[in-house]
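Enquirer: What follows is a predicted protein model with its sequence.
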Amino acid sequence: MTAVPAIRHRSVDVAGVQVAYRESGPADGPVLLLLHGFPTSSHQFARLMDALGSTPYRLIAPDYPGFGRTQAPDGFTYTFDRLADIVEGFTDALALESYALYVFDFGAPVGLRLAERRPDRVTGLIVQNGNAYEEGLSDMAREFSGLRRDVPGNEEQVRGLFGEEGTRFQYEAGVADTSLISPDSWTLDVHYLGLPGRADAQADLAFDYHSNFAHYPAWQAWLRSAGVAVLVVWGEGDPFFLPAGAKAYQQDVPDAEVHVFEGAGHFALETHLAEIAPLIEEFLAKLG
C-alpha cells in the first residue's frame, strides 16, 4: 500500500497578512499551486492532495485574505486585484520560481492575474469550474455580477449567500447524488464565513466580481501566447459556470484537454474525485 504524504499546515507573513496554507510532497519537487474558490478555502483540496500523494509534486494550497485560517489586518481592501497581490507575494515568500496552477471558481481570476503578471513562472494550467469566457456565464452568474451596492436590496441579496442555506446550495445545485457530498465541507465554510469581519470581506469581493470581466481578453491572450498545456475539468450541473465555459478554452488552446462530468456541480471534486484525480496525475506526469 502506497503511503500518503502528510499534509503540513503552515503560515507566512505577506505584507502584514498571515497567509495560512497547506502543503504536501517533497520540498524540492515541482510545484502545483492550488487556488481555491468561494465560499471555501484550502480545505477543499485536502482529499485531492491525499489522492495525488504518489506524484513527485509539491502541492501548495493557500487561503486568501477573508477565507479559511488566513488573518488580514483591519483596513485590508478586499478586491480581486488585492487577492492576486497577496498570492503573488506568497509565491515570492516561498521562493516559488515556477509552478503549475490549479484554479477553481475565484481561483481563476486570482490565478490568471498571477499568470498575466508572471507568465514565465507558469508551467501548466488545470482549470476546474473556473471561468474566463463570456459564454461560460450562466444567467444566475450574470445577474449576481450585475448587483451593485448602491441599489436597495442588493446588499441583502449578496449576504444571503453567506449563511447555511446559501452555502449548501452552492455545493448541491446540479449534483445528481448529493449523498456523495460530505456535510463537513459546507459546514466548515459556514463556520469561517461567520468569523468577525468575514461577511463584510465577502460582500466587498462579491461587488467587485464584475471587475474580472474586463480582464478576460488579456487572459485569453495569455493562453494563446503562453504555450502551456491546459487541462479543464468541469461539473456539468454548475449553476454559475456553464460547460460552454469549459469548451471555450479550446478557442485559445486548441489542444487543451477538456472533460465535463455529468452529475457533478460547481464543486466537482466533492463527487468526482475518483475520476478527476487520475486525469490530474497523468497531466502532471506529462509536464515533468
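Expert: All right, it came through fine. Quantities reported herein were computed from a predicted structural model and do not represent experimental measurements.
Enquirer: if I look at the closest residue to Gly163 other than its chain neighbours, how far off is Ser211?
Expert: Leaving aside its sequence neighbours, Gly163 sits nearest to Val190 (Cβ to Cβ, 6 or more residues apart in numbering; 7.1 Å). In this view, the C-beta of every residue, glycine as well, is placed from N, C-alpha and C. Remark: distance between Val190 and Ser211 (Cβ to Cβ, to the nearest Å) = 26 Å.
Enquirer: neighbour-wise, which of the two wins?
Expert: Val190 (17 against 14; other Cβ atoms under 10 Å).
Enquirer: related to what we said a few turns ago, could I get the contacting residues of the residue nearest to Gly163?
Expert: Residues near Val190 by Cβ atoms under 8 Å, 6 or more residues apart in numbering: Gly163, Glu164, Thr167.
Enquirer: Equivalent analysis for Gly194, please.
Expert: By Cβ under 8 Å, 6+ apart, Gly194 has no neighbours at all.
Enquirer: Can you report phi and psi for it?
Expert: phi -90, psi 0 (degrees, to the nearest 10).
Enquirer: what about the longest helix in the protein?
Expert: The single longest helix within the chain, with elements called by DSSP state H, is helix 268-287.
Enquirer: on that earlier part again, closest to Leu112 among the contacts of Val190?
Expert: Closest approach to Leu112 among the contacts of Val190 (Cβ to Cβ): Thr167, at 24.9 Å.
Enquirer: So the closest one, which state does it fall into?
Expert: Secondary structure assignment for Thr167 (DSSP: H, G, I helix; E, B strand; the rest coil): helix.
Enquirer: So for the residue nearest to Gly163, what's the pLDDT?
Expert: The model reports Val190 with a pLDDT of 97.
Enquirer: And the pLDDT at Ser145?
Expert: Reading off the model, Ser145 has pLDDT 95.
Enquirer: Could you verify my assumption that it touches Tyr209?
Expert: Yes: look at Ser145 against Tyr209 with Cβ atoms under 8 Å: they come within range, at 5.1 Å.
Enquirer: re the thing from before, CA atoms only: put the longest helix of the chain into PDB for me.
Expert: Extracted as PDB, the C-alpha positions of helix 268-287 are listed here (Å, rounded to 0.1, in the frame of the first residue of the first chain):
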ATOM      1  CA  ALA A 268     -16.900  18.700  -8.900                       C
ATOM      2  CA  LEU A 269     -14.100  17.300  -6.700                       C
ATOM      3  CA  GLU A 270     -16.700  16.600  -4.000                       C
ATOM      4  CA  THR A 271     -18.400  14.000  -6.100                       C
ATOM      5  CA  HIS A 272     -16.000  13.000  -8.900                       C
ATOM      6  CA  LEU A 273     -12.600  12.900  -7.200                       C
ATOM      7  CA  ALA A 274     -12.000   9.300  -8.300                       C
ATOM      8  CA  GLU A 275     -12.400  10.300 -11.900                       C
ATOM      9  CA  ILE A 276     -10.600  13.700 -11.800                       C
ATOM     10  CA  ALA A 277      -7.500  12.800  -9.700                       C
ATOM     11  CA  PRO A 278      -6.100  10.300 -12.300                       C
ATOM     12  CA  LEU A 279      -6.500  12.900 -15.000                       C
ATOM     13  CA  ILE A 280      -4.600  15.400 -13.000                       C
ATOM     14  CA  GLU A 281      -1.900  12.900 -12.100                       C
ATOM     15  CA  GLU A 282      -1.500  12.000 -15.800                       C
ATOM     16  CA  PHE A 283      -1.400  15.700 -16.800                       C
ATOM     17  CA  LEU A 284       1.300  16.400 -14.200                       C
ATOM     18  CA  ALA A 285       3.400  13.500 -15.400                       C
ATOM     19  CA  LYS A 286       3.400  14.900 -18.900                       C
ATOM     20  CA  LEU A 287       4.600  18.300 -17.500                       C
END
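Enquirer: Which other helices and strands does that helix contact?
Expert: Here helix 268-287 touches helix 46-51, strand 99-104, strand 122-128, strand 229-235, strand 257-261, going by 3 or more Cβ pairs under 8 Å, 6 or more residues apart in numbering; DSSP states H and E.
Enquirer: ok, back up a step: pLDDT, distance to Asn154 and neighbour count for the contacts of Val190 - can I get that in CSV?
Expert: Output for those, formatted as CSV (pLDDT from 0 to 100; distance: Cβ to Cβ, whole Å; neighbours: other Cβ atoms under 10 Å):
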residue, pLDDT, distance to Asn154, neighbour count
Gly163, 94, 17, 14
Glu164, 96, 21, 13
Thr167, 97, 19, 22
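Enquirer: Kind regards, and thank you for your time.
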